[in-house]
Each structure stands twice: as structure tokens, then as C-alpha cells.
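[1] return a 3D structure for these sequence lines:
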Amino acid sequence: MLSKTSISVARDLEDLEKHLAGFILLPLSNPKYLQYLASYFRLNIEFLTIRIDGCHIFSPIFIMKPSGMMFSRLLRYGDVSPFGFGGHISLLEWTSGRGDPATLSNGLNVLISFCLRELGLKYVKLKVNTYPYRFSDNELSKIRPTRERNIHSSLYFNSDYIMEAKDVPEAWKLIGKKSRNVVRKAERRQLKFRLGNQSDVGTFFSIWRDDISKRHQAEANVYPDFFRGLVNEVPNEVLLTVVEDRLGVIGGTFSLIQNQTLTFLAYTTKKETQQSGSKNYLLWKTIEYALLNRGVRVIEYGESIRESSSASFKRHMGAVEYPIIGIRVFKKPYHLFSRFR
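    All right, here's what the predicted structure looks like:
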């Protein structure tokens, strides 16, 4: 067991990747992806690793300044002073067995203090992905990221939905009976599944834009170019799949594959085809391909609000719920939406 707390800032990506080798690291926490994200939106990024008695945390921190950057607008934070946005923080390991709320709270407190004092940030937003550890609601209620008087913090909880399967038969069994029947029904419509390419990106996002809610339209304007760049940056780790009927492309998925994990970044099918199971069919065929051909063993459907229709859909597609802990912290006095005051 470690006897004291230590925190390090990684400057060399190669050294960081060696340090993280062997740990369970979801694709959205992968340094290569995060570095591309920072480069695309012209942000500074710091890779922090924290060791504290009982736990080991990896946290990327994006540092933004109020220069009207696209990523700042994308996150809908308005006109703000320098602040940090943490990517999906990964709990790399627990050196004392199963994780506990007190240990996690201590680790987060060290991280927050470092961001506010050493990095000079005014506002920090963190998101802790607890996979592969599952905290109960009672344990989550005991997490306290900071107790300092001059720092305001608030917590919110969502869930990540993940399926683990070593092969296609196991994955098929994990999917709910209703969803399996929907996939069979879609197969009888003679839909065609295939891998996508750069020319399919525009078509995919035109369908996706029609399917998402109005509050995500800002992302819809940014994502096509972002994902085209991602295909060029990490071509071996990006998976684009599409599904077609006799009239052409009706949907697709955009995913990352790293560390034997498939993470869906975006997926959709035309609204008029969803009643006949096109989305279930598309996701299943993508999972089947990834298991058979890309060595995938973990499927991450992504974050959803608990008890939402999206969460229900993911559970029917074989996913298990893992808590995501959202944390917002800022120094007092500080008004995040100061321009509206």
C-alpha cells in the first residue's frame, strides 16, 4: 500500500502510454484520442496521474481560455475565464482491493486542489467513469470531492452502459429477448450491413442531425469535420459502419476501438425505419463484426441519464449500468455565467 499521496504531470505522450500500459482504459480516456481532441479545438491539455493510499487515478484536463473557441461554445458554457474540463477520468486500480468512497474522495480532492492552485484554473468540470467498479447508490452518496470553505462543488450522477462478452454467442445471449426478435425482424427486411468510409461521413451526419434533439444541433455542425479528422489521425482505431436498404444508406455508427473496447461515439438510423428495428440491427451487426474481426471484448454504448428511454434501450441491448460521477468545482466568488448577470 502506498504511504503518501503523489501527483505527476505527464509531458511526454510516449512515457504516459508506457505508464498506462496494462490498465483498463476506455477509449475516450486514451491519450492519442485526447491529444487529437485538444489539437482540433486548439486547447492546452495536461495529463495528470494521482497515487494516493488505496487508489490510482488518471485524469486528462483540458485548459481553455475565453477566446470564443468552438469547443467552449460546443460545451455551452458562455463567456468564461480560464477553466478546465476533465475528460473521462479513469480509476486505473485500487491498491487495497475494492474501491471505497472515502479513498475516491481523497483522490478527487487532491486532483481538484492541484487544478485550482498549481494550474491556476477558476473552474473545473470533471467526469469520473467508474468502470470496472460498480458503486452502489449508498456509496455514491458518501463521495465528497472537497470540503474547503472557499471552494464550491456540486455533484451529479449519470450512468455509462457497457457490455462485456468474449464471443458472438455470449453477446447474443446478453441481448434481451425483445431486442433479439427486433434484430431478426430487421434481417427479414434484407437490410445490408457494410463498413463505411470517408465518403459516408457526410451522409451519416445528415441522418444524425435529423434524429437528434434541438439542444444538440451545435454539435451537429462541428462533428462532421471533427470525425473526418479523427479518421485521418487514428485510421486503425476508428470504425465506421453503415446500414442500407434498397433506397440507399439509412443509418450508421461512428466508433473507436482501443484496448479491446468498442466505444460508440455516435449512431443513428432514419426515424421512419426505427420502428422496424433498423437501429437494433445496426448496433448488433457492428458488435458482431467487432467481436469477430477486431478482437473486441467490451462494448461501451455511452452515457445516458438514468431511467431515460436511451438508458432502457441500452439495457435491452445487453448493457450493464456503471455510475458516472460528474463534479463541478469553482473558487468563490466566481460566477460561471457571468455575462448573463
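
[2] all strands for the stretch 201-341 of the chain, in order.
    Along the stretch 201-341 of the chain, the stretches classed as strands by DSSP state E, counting those that start in this stretch are 238-245, 248-258, 261-269, 298-304, 320-331.

[3] okay if I get these as JSON lines plus mean pLDDT and distance to residue 21?
    C-betas here are computed from N, CA, C, even on glycine. Supplementary listing: the strands of the stretch 201-341 of the chain in JSON lines, determined by pLDDT from 0 to 100; distance: least, CB to CB, whole Å:
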{"stretch": "strand 238-245", "mean pLDDT": "92", "distance to residue 21": "22"}
{"stretch": "strand 248-258", "mean pLDDT": "89", "distance to residue 21": "12"}
{"stretch": "strand 261-269", "mean pLDDT": "89", "distance to residue 21": "15"}
{"stretch": "strand 298-304", "mean pLDDT": "91", "distance to residue 21": "17"}
{"stretch": "strand 320-331", "mean pLDDT": "85", "distance to residue 21": "23"}
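
[4] count of neighbours near the residue lying closest to residue 288 once chain neighbours are set aside?
    Closest residue in space to residue 288, ignoring its immediate chain neighbours: residue 168 at 5.6 Å, by CB to CB, 6 or more residues apart in numbering. Other residues near residue 168 number 15, with proximity taken as other CB atoms under 10 Å.

[5] got it, and residue 265?
    Counted with other CB under 10 Å, residues neighbouring residue 265 total 19.

[6] tell me how many other residues crowd the residue lying closest to it once chain neighbours are set aside.
    Distances taken as CB to CB, 6+ apart put residue 254 closest to residue 265, at 4.9 Å, once the chain neighbours are dropped. Burial measure for residue 254: 24 neighbouring residues, criterion other CB under 10 Å.

[7] could you pull out the strands for the stretch 1-150 of the chain?
    Per DSSP E, counting those that start in this stretch, the stretch 1-150 of the chain has strands spanning 6-10, 44-52, 55-64, 83-93, 123-129. These are given in chain order.

[8] worst average pLDDT in the ones you listed?
    Set side by side, the strands of the stretch 1-150 of the chain differ in mean pLDDT, and strand 83-93 is lowest with a mean of 62.

[9] please pull out the lowest mean pLDDT helix or strand from this protein.
    Across the helices and strands of the chain, the lowest-confidence element by mean pLDDT, DSSP states H and E is helix 70-74, at a mean of 41.

[10] what residues are up against residue 180?
    With CB atoms under 8 Å, 6 or more residues apart in numbering as the criterion, the residues that contact residue 180 are residue 172.

[11] for it, helix, strand, or coil?
    Assigned with DSSP: H, G, I helix; E, B strand; the rest coil, residue 180 falls in the helix class.

[12] distance of it from residue 156?
    Separation of residue 180 from residue 156 (CB to CB, to the nearest Å): 34 Å.

[13] ok, how many other residues are close to the closest residue to residue 245 other than its chain neighbours?
    Leaving aside its sequence neighbours, residue 245 sits nearest to residue 191 (CB to CB, 6+ apart; 5.7 Å). When neighbours are counted by other CB under 10 Å, residue 191 registers 21.

[14] what are the phi and psi values at residue 191?
    phi -70, psi 150 (degrees, to the nearest 10).

[15] pretty sure it contacts residue 284?
    No - with contact defined as CB atoms under 8 Å, residue 191 does not reach residue 284; the gap is 11.1 Å.

[16] which residues sit in contact with residue 17?
    Taking CB under 8 Å, 6+ apart, one finds residue 31 in contact with residue 17.

[17] what pLDDT is listed against it?
    The per-residue pLDDT of residue 17 was computed as 72.

[18] follow-up on the earlier one: can I get the strands of the stretch 201-341 of the chain in CSV with distance to residue 105?
    Shown next, in CSV, are the strands of the stretch 201-341 of the chain (distance: least, CB to CB, whole Å):
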stretch, distance to residue 105
strand 238-245, 36
strand 248-258, 29
strand 261-269, 27
strand 298-304, 22
strand 320-331, 10
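
[19] tell me how far residue 273 lies from residue 193.
    Residue 273 sits at a distance of 14 Å from residue 193 (criterion: CB to CB).

[20] who has more neighbours out of the two?
    residue 273 (21 against 18).

[21] for the strand ranked longest in the chain, which positions count as buried?
    Secondary structure assigned by DSSP state E gives strand 151-164 as the longest strand of the chain. By 16 or more other CB atoms under 10 Å, the buried positions in strand 151-164 come out as 151, 152, 153, 158, 159, 160, 161, 162, 163, 164.
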